[in-house]
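Undergrad: I would like to see how this sequence folds:
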Amino acid sequence: MNGYNQYQTNQIATATPEQILLMLYDGAIRFIRRAIVANDESKQVEKLQGISKCMAIVAEFSNSLNHDIGGNIAEDLDALYQFMIRELNLARNDNSGEHLKTVETLLLDLRDTWGQAVEINRQEIAVARTVQTSTADSAADMQRPYKSLMTAG
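TA: Sure thing, here's the model as predicted:
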């Protein structure tokens, strides 16, 4: 295994679920863009490869939804993923590129939304940790005089 592959393997192995989700979106966007370029250059095989790889990622997004926890959001995402899969299927035999561009736009919007959600979550966790540390420090400060009295007495 060369150094780059080892780096990629380590990056995935140490990633949080949120980071993996964003990596998958990045991959789907990369594959749809390859399909768009291949379509523009009339390279049918490369176009179909890009569509196939993008579709595999989108299908995995759909399959991994937890409808029990996600409720309406999971239903809406599933409908969106199914729409993208239909668009990708239509794009196989359409050289206009419109179906591919529709999927690219949706993936970019979803990637941006998930990226913002991950960042908000990260900030909330950092604030919670700061508050927790601050509270623990305050409790320790309150116990110092008591400990001083105990050791002095």
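
Undergrad: residue ranges with poor pLDDT in the protein?
TA: For the chain, the stretches with pLDDT under 70 are 1, 4, 8, 133-153.

Undergrad: residue ranges for the helices of it, please.
TA: In the chain, the helices defined using DSSP state H lie at 3-13, 17-40, 44-63, 67-91, 98-152.

Undergrad: Can you add mean neighbour count and give those back as CSV?
TA: Using the backbone N, CA and C atoms, a C-beta is placed for each residue, glycine as well. Below are those laid out as CSV (neighbours: other Cβ atoms under 10 Å):
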stretch, mean neighbour count
helix 3-13, 10
helix 17-40, 18
helix 44-63, 18
helix 67-91, 15
helix 98-152, 12
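
Undergrad: Quick check: residue 111 touching residue 23?
TA: No: in this structure, residue 111 is not within contact of residue 23 by Cβ atoms under 8 Å, at 10.3 Å.

Undergrad: Now for the nearest residue to residue 47 once chain neighbours are set aside: which residues touch it?
TA: The spatially closest residue to residue 47, leaving aside those adjacent along the chain, is residue 38, at 3.9 Å (Cβ to Cβ, 6 or more residues apart in numbering). By Cβ atoms under 8 Å, 6 or more residues apart in numbering, the contact set of residue 38 is 44, 45, 46, 47, 49, 50.
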